[in-house]
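[1] sequence first, predicted coordinates after that:
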Amino acid sequence: MSDERLIGEPLIEVRDLSVTYEARRGAFIKRTEFIRAVKRVSFMVRRGTTMGLVGESGSGKSTIGKAILRLAPIEAGSIKYDGNDLTKLDEKAFMPYRKRVQTIFQDPYASMNPRHSIASIVAEPLKVHAPEMSMQDREDRVAELLVKVGLPADSMNRYPHQFSGGQRQRICVARALSSKPEFIICDECVSALDVSVQAQIVNLLQDLQEELGITYLFIAHDLAVVEHICSDALVMELGEIVEQGPTDHLYHAPKHPYTQRLLEAVPKMPTIVGVG
Ligand SMILES: Nc1ncnc2c1ncn2[C@@H]1O[C@H](COP(=O)(O)OP(=O)(O)OP(=O)(O)O)[C@@H](O)[C@H]1O
Ligand SMILES: [Mg+2]
């Protein structure tokens, strides 16, 4: 994983990124509609840090995450990762980045096959990225990852429905970690959890960052969580970044009227404190 000497160096530099989806609309007369989901967005994420990405529903947050993984139609701009422009690589050259970058989504249940055991789910990235690994080594690695995320190693032979929402999200964290990524996109990964469980997952992510030097892009609409976990944040409105900077500046002295409105819309939440 991350070399400690590189902590604080730029890992991702996004410049003038635009993403436009094409959608076929109309029940009888078909027409193509262009949805400009992301418009000329630029930002940088440093190694070993957590960048927040906030904005209302539909503002383009997930699209940015997908564009980094080349799962969204990039129209223009560049995404430099460790100095290489991901938008210019062919599929073969891009393959290693599928290992280096992982995503954790909001709904862990939806991203797991309910008929697969936890061992099989956590090992999914290993099967793709380390096919040479023996069954025994894979099992040892899964057991080690489960303990790392705070689940008993004997969870391996159980199935997703036998876990709570928070435990399922821990399983997703273990799965994301299995390919030893440097960068994890957390797309609303705590939004569906109770506040106390949110705090546990957030603390787990922070502990892993400290231990492994992982860099996060933390997408959320809950500003209280972003303030807690992120050193810097980006504020998106209608596909554009309207404000960015250190989170405490954004929260205590928001400059853009949209950031002020977002803050006013948030019910005052108790600050997340370290739980388990
Ligand atoms: N595959 C797609 N095809 C067409 N339009 C899409 C597609 N995915 C997203 N969009 C549109 O792009 C815009 C941005 O969507 P995106 O999912 O990035 O928003 P978001 O900020 O993540 O929202 P949310 O907070 O609800 O998750 C929206 O208008 C959405 O309808
Ligand atoms: Mg989204």
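    Happy to help now that I have it. Ligands and ions are numbered 1, 2, ... in the order given.
[2] show me what from the stretch 1-150 of the chain comes close to ligand 1.
    Contacts of the stretch 1-150 of the chain with ligand 1, taken as Cβ under 6 Å from any ligand atom, map to Tyr21, Ala23, Ile35, Ala37, Gly55, Ser57, Gly58, Ser59, Gly60, Lys61, Ser62, Thr63. In this view, the C-beta of every residue, glycine as well, is placed from N, C-alpha and C.
[3] by neighbours, which of these wins?
    The member of these that has the most neighbours, counting by other Cβ atoms under 10 Å, is Gly60 with 26 neighbours.
[4] can you pull the phi/psi pair for that one?
    phi 110, psi 10 (degrees, to the nearest 10).
[5] buried stuff in the longest helix seen in the chain?
    Ordering each helix of the chain by length in residues (DSSP state H) puts helix 195-212 first. Neighbour counts over helix 195-212 (16 or more other Cβ atoms under 10 Å) mark Val197, Gln198, Ala199, Gln200, Ile201, Val202, Asn203, Leu204, Leu205, Gln206, Leu208, Gln209 as buried.
[6] what about the closest residue to the first one other than its chain neighbours, which SS state?
    Leaving out its chain neighbours, the residue that sits closest to Val197 by Cβ to Cβ, 6 or more residues apart in numbering is Gly166, at 3.8 Å. Under DSSP: H, G, I helix; E, B strand; the rest coil, the three-state class of Gly166 is helix.
[7] which residues sit in contact with Gly166?
    Going by Cβ atoms under 8 Å, 6 or more residues apart in numbering, Gly166 touches Leu193, Asp194, Val197, Gln200, Ile201.
[8] mind doing that once more with 7 Å?
    Gly166 sits next to Leu193, Val197, Gln200, Ile201 when contact means Cβ atoms under 7 Å, 6 or more residues apart in numbering.
[9] how far away is it from Asn203?
    With distances taken as Cβ to Cβ, to the nearest Å, Gly166 is found 12 Å from Asn203.
[10] buried ones in whichever strand or helix holds Phe43, by neighbour count?
    Element membership for Phe43, per DSSP states H and E: strand 31-46. In terms of neighbour count (16+ other Cβ under 10 Å), strand 31-46 has its buried residues at Ala37, Val38, Lys39, Val41, Phe43, Val45, Arg46.
[11] and the last one, what pLDDT?
    Meaning Arg46. What the model reports for Arg46 is a pLDDT of 96.
[12] the fifth one too?
    What the model reports for Phe43 is a pLDDT of 98.
[13] who does it bridge with?
    Val14 (DSSP bridges).
[14] hmm, Leu234 and it touching each other?
    Yes: with contacts counted by Cβ atoms under 7 Å, Phe43 reaches Leu234, the gap being 5.5 Å.
[15] which neighbours do these two have in common?
    By Cβ under 7 Å, 6+ apart, the residues touching both Phe43 and Leu234 are Ile241, Gln244.
[16] before we move on, back to that, got a pLDDT number for the residue nearest to Val197?
    pLDDT, Gly166: 92.
[17] and what of Ile171?
    pLDDT, Ile171: 95.
[18] who's in contact with the nearest residue to it once chain neighbours are set aside?
    Nearest residue to Ile171 in three dimensions, chain neighbours excluded: Ile118, at 5.8 Å (Cβ to Cβ, 6+ apart). Neighbour list for Ile118: Ser155, Met156, Arg158, Ile171 [criterion: Cβ under 7 Å, 6+ apart].
[19] nearest residue to the residue in the stretch 101-250 of the chain positioned nearest to ligand 1 in space, please, no chain neighbours.
    Nearest residue of the stretch 101-250 of the chain to ligand 1, counting by Cβ to the nearest ligand atom: His221, 5.7 Å away. For His221, ignoring the flanking residues on the chain, the nearest one in space by Cβ to Cβ, 6+ apart is Val54 at 6.2 Å.
[20] what about this protein, any weak spots by pLDDT?
    1-3, 266-276 (pLDDT under 70).
[21] in terms of helices and strands, where is Ala143?
    helix 135-148.
[22] kindly format the C-alpha coordinates of that helix as CSV.
    Output of helix 135-148 as CSV, limited to C-alpha atoms (Å, rounded to 0.1, in the frame of the first residue of the first chain):
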residue,chain,number,x,y,z
MET,A,135,-7.1,-21.4,-1.9
GLN,A,136,-5.3,-21.6,1.5
ASP,A,137,-3.6,-18.2,1.1
ARG,A,138,-6.8,-16.7,0.0
GLU,A,139,-8.7,-18.1,3.0
ASP,A,140,-5.9,-16.8,5.4
ARG,A,141,-6.1,-13.4,3.8
VAL,A,142,-9.9,-13.3,4.2
ALA,A,143,-9.7,-14.3,7.8
GLU,A,144,-7.1,-11.6,8.5
LEU,A,145,-9.2,-9.0,6.7
LEU,A,146,-12.3,-9.9,8.7
VAL,A,147,-10.5,-9.4,12.0
LYS,A,148,-9.1,-6.1,10.7
